[in-house]
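Q: can't give you the sequence, but here's the structure:
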């Protein structure tokens, strides 16, 4: 299951996810997340819909900094920029 960005940060969700199965955090920089989001329809994402690219990067950096301690509680943490290495590690 893939969760939304904030899901692991609320209630006791990260513990619940770790106890329920295998958790993986794909660690991607805020800049890269912003670049990926910029290619999508931001009107479908109310939190980001009216932001400029610079504001989008700032917002993502802020959210990421608030959430990273939860994300890093995942059982596996991979560099999310290198998809081939991720697939290889998951398979192994």
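A: Sure thing, it's come through. This structure is a prediction, so every number in the text was calculated from the model and none was measured.
Q: now do the buried residues in stretch 40-55.
A: 48, 51 (16 or more other CB atoms under 10 Å). In this view, the C-beta of every residue, glycine as well, is placed from N, C-alpha and C.
Q: contacts for that stretch?
A: For stretch 40-55, the external contacting residues (CB atoms under 8 Å, 6 or more residues apart in numbering) are 34, 37, 38, 56, 59.
Q: quick one: end-to-end length of stretch 20-39, please.
A: Start-to-end span of stretch 20-39 (CA to CA, to the nearest Å) is 33 Å.
Q: how far off centre is that stretch?
A: On the basis of CA atoms, centre = their mean, to the nearest Å, stretch 20-39 sits 4 Å off its chain's mean C-alpha point.
Q: for the record, mean pLDDT for it?
A: The pLDDT scores in stretch 20-39 average 91.
Q: what's the helix or strand for residue 77?
A: Element membership of residue 77 [criterion: DSSP states H and E] is strand 76-79.
Q: other SSEs contacting that strand?
A: strand 24-27, helix 83-91 (3 or more CB pairs under 8 Å, 6 or more residues apart in numbering; DSSP states H and E).
Q: in the next helix-or-strand element following the shortest one, what's buried?
A: What that stands for is strand 24-27. As assigned by DSSP H and E, the chain's next helix or strand after strand 24-27 is helix 30-38. Using 16+ other CB under 10 Å as the test for burial, helix 30-38 gives 30, 33, 34, 37.
Q: how far is the longest helix that the chain contains from where the chain is centred?
A: Determined from DSSP state H, the single longest helix within the chain is helix 53-71. Offset of helix 53-71 from its chain centre (CA atoms, centre = their mean): 9 Å.
Q: between it and helix 30-38, how many degrees?
A: For helix 53-71 against helix 30-38, the angle by axes from the mean of the first three to the mean of the last three CA atoms, to 10 degrees is 120 degrees.
Q: how about helix 53-71: buried residues?
A: Using 16+ other CB under 10 Å as the test for burial, helix 53-71 gives 56, 57, 59, 60, 63, 64, 70, 71.
Q: so which bits of the helix or strand of the chain with the lowest mean pLDDT are buried?
A: For the chain, the helix or strand with the lowest mean confidence is helix 83-91, at a mean of 81 (criterion: mean pLDDT, DSSP states H and E). Neighbour-count burial for helix 83-91 flags residue 86 (criterion: 16+ other CB under 10 Å).
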